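Peer 1: Have a look at this prediction, sequence included:
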Amino acid sequence: MIGHLKGKIISRSPPEVLLEVQGIGYEVLCPMSTIYELDNLSDDVLLFTHLSIKEDAHTLFGFITKDEKNVFRELIRVNGVGPKVALAILSNLSVHSLVECISTEDADLLAKTPGIGKKTALKLIVELQDRLSKLELVGSLANSIEIKQNSNPNSKQAIEALQSLGFKAKEANRMVSKIEDQELSTEQLIRLALQNK
C-alpha cells in the first residue's frame, strides 16, 4: 500500500494531478479542497494517499491532510458509496462541514453533492455518526466532536422532543447545543431551548 507521496506537481486537470516523485509521474485523483490547497504550495508537496485496486484499474487518491484521507476511508466503507462519490462529497464539503453535517443530521446539505440523493444522504448520516466520533481527527474538528460526546446525556432526548414538536433536526440540535449547563433534566433542557430560540 502507498501511504503517502512527496514530490512536485507537474500538471493539474481537476480532479487529477500529476505528481512527480524521483522521476516517476503518479496520476492522483484529489478532492477540490486539496487542489485549492496545492495552488498555495510551490515546493515539494506531501499527499496522503489511498490506493484503490479493482479488476480494471489501480487508482491513487490523494489528500493534503490525514483527516481528509481518514474521512474518505470511512465514506467508502458505506455500502453504495464508491471512491468517486466519496471524492465528490469531499470536493463539495470540507471535512469540518461534513462532520458537522453528519452530527446535525443535515441530509439536505449532504444531498446537494452530485451523485448523492436524499436516501443515500440519510444512510451516510446513520452509518457515519458513530464512526466519525470514534475517528481520531487531528484538525480543529476533533474538539467539536469531543464537545458533542461530553454533552448532557439528556440532550438527545431533548432534541428528539423538539423534533416531535416540529423543529428540524439541525435546528433542534443547535437550540440544545447552546445550553452550557450539563446537569439539567430533559424537561429543563426543552424549556430553556424554547426560551432561547
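Peer 2: Right, received. Where do you want to start?
Peer 1: Ignoring the adjacent residues along the chain, who's closest to L137?
Peer 2: Using CB to CB, 6 or more residues apart in numbering and skipping the chain neighbours, the partner closest in space to L137 is D67 (4.8 Å). No exception for glycine: its C-beta is placed from N, CA and C like everyone else's.
Peer 1: List the buried residues of the longest helix seen in the chain.
Peer 2: Using DSSP state H to define each element, the chain has its longest helix at helix 118-134. Buried positions in helix 118-134, judged by neighbour count with 16 or more other CB atoms under 10 Å: T120, A121, K123, L124, I125, E127, L128, L132.
Peer 1: cool, stretch 71-81 as well?
Peer 2: For stretch 71-81, the neighbour count (16+ other CB under 10 Å) marks V71, F72, E74, L75, I76, V78, V81 as buried.
Peer 1: chain center to stretch 56-71, what's the gap?
Peer 2: Remark: stretch 56-71 is offset 13 Å from the chain centroid, using CA atoms, centre = their mean, to the nearest Å.
Peer 1: Show me the contact partners of that stretch.
Peer 2: By CB atoms under 8 Å, 6 or more residues apart in numbering, the surrounding residues in contact with stretch 56-71 are 2, 5, 17, 19, 26-31, 33-34, 37-38, 45, 47-52, 72, 83, 87, 90, 95, 98-99, 132, 135-139, 141.
Peer 1: Now list the buried members of the residues you listed.
Peer 2: 5, 17, 19, 26, 28-31, 33-34, 37-38, 45, 47-50, 72, 83, 87, 90, 95, 98-99, 132, 135, 137, 141.
Peer 1: Quick one: residues contacting T34.
Peer 2: L47, G62, F63, I64, E68.
Peer 1: How is this protein divided into domains?
Peer 2: For the chain, the structural domains run 4-63, 66-149, 151-196, going by automatic domain parsing.
Peer 1: Mind telling me what element E74 is part of?
Peer 2: Taking DSSP states H and E as the criterion, E74 maps to helix 66-77.
Peer 1: Average pLDDT for that helix, rounded please.
Peer 2: Mean pLDDT, computed over helix 66-77, is 94.
Peer 1: Check stretch 14-34 too.
Peer 2: 94.
Peer 1: Could you work out the end-to-end span of that stretch for me?
Peer 2: 10 Å (CA to CA, to the nearest Å).
Peer 1: related to what we said a few turns ago, count of residues packed around the residue nearest to L137?
Peer 2: For D67, the count of nearby residues is 22 (other CB atoms under 10 Å).
Peer 1: Next: A57.
Peer 2: If we define neighbours as other CB under 10 Å, then A57 has 7 of them.
Peer 1: pLDDT below threshold where in the chain?
Peer 2: 138-152, 170, 197 (pLDDT under 70).
Peer 1: tell me the residue furthest from the middle of the protein?
Peer 2: G23 (33.7 Å; CA atoms, centre = their mean).
Peer 1: Tell me which residues touch A111, please.
Peer 2: With CB under 8 Å, 6+ apart, A111 has these contacts: G117, K118, T120, A121.
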